[in-house]
Structure formats: C-alpha cells, structure tokens
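[1] What would the 3D arrangement of this be:
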Amino acid sequence: MEIRSAHDLGAAVRQARARRRLTQEQLAREAGVSREWLIRLERGHARLELQLVLNTLAAAGLTLLVSDDDAATEDPTETAWEEVFSPLTAREPEHRRAVDG
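    Here you go, the predicted model:
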C-alpha cells in the first residue's frame with residue numbers, strides 16, 4: 001500500500017490490526033499507546049507523535065519503507081542485473097585479447 005497521507009497510514013494500521021485479529025485495546029497495549037490515541041491514528045489524525053506512530057506500526061507488524069520518487073521509477077530487477085553483469089561486460093574476454101592482440 002502506498003502511503004500518501006495520514007489517512008492512508010491510518011487505514012494501513014487498521015487493516016494490519018484486523019489481519020492480526022487484534023482489538024484496538026490489544027494493539028494499543030502492545031504499542032504502548034492509549035486506545036484513544038490509536039483511534040486517532042486509524043482515523044488519519046495528522047498531528048501524532050512520530051515515535052508513537054513508529055511503535056504502533058511495529059506492533060501492528062508493519063515496516064515503514066521510504067523510497068526516493070525518482071528511484072521508484074527505476075526497475076529494481078534491471079538495476080540488480082546491471083550490478084551483477086557490469087563487471088563481466090566491462091572487460092574484454094581473455095580469448096579475444098589473445099586473438100586480436
């Protein structure tokens with residue numbers, strides 16, 4: 001799920017909590033926040049303490065991943081292949097140098 005707003009983040013937490021079959025009270029306790037605070041997060045309240053948000057994400061089994069918009073347009077598979085094969089294609093094969101040289 002792509003998170004573009006506090007509302008999106010709240011929806012992700014709510015969905016993760018439901019997948020784990022936790023009540024708001026259970027997740028709040030596990031995250032170290034109040035149930036009222038968790039309700040605000042799930043409703044997309046924009047002004048919540050970041051560390052508590054991160055704690056709640058972890059307690060809900062979510063990981064926050066930040067990516068560069070420019071890098072997101074690149075194909076990660078292509079980048080991985082380039083990293084693997086660039087050393088091989090950068091040098092001339094031994095047998096070709098012997099024949100040409």
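[2] sec struct for the closest residue to Leu52 other than its chain neighbours, please.
    Excluding the flanking residues, the one nearest Leu52 by Cβ to Cβ, 6 or more residues apart in numbering is Val33, at 5.4 Å. For the C-beta atoms, the positions are set from N, CA and C on the backbone; glycine is no exception. Using DSSP: H, G, I helix; E, B strand; the rest coil, the structure places Val33 in coil.
[3] List the contacts of Val33.
    By Cβ atoms under 8 Å, 6 or more residues apart in numbering, the residues touching Val33 are 41, 52, 55-56.
[4] Out of these, which end up buried?
    For those, a neighbour count by 16 or more other Cβ atoms under 10 Å gives the buried set as 41, 52, 56.
[5] The first one reaches Leu50, doesn't it?
    No: counting by Cβ atoms under 8 Å, no contact exists between Leu41 and Leu50, whose distance comes to 11.4 Å.
[6] distance of Arg40 from Arg4?
    19 Å (Cβ to Cβ, to the nearest Å).
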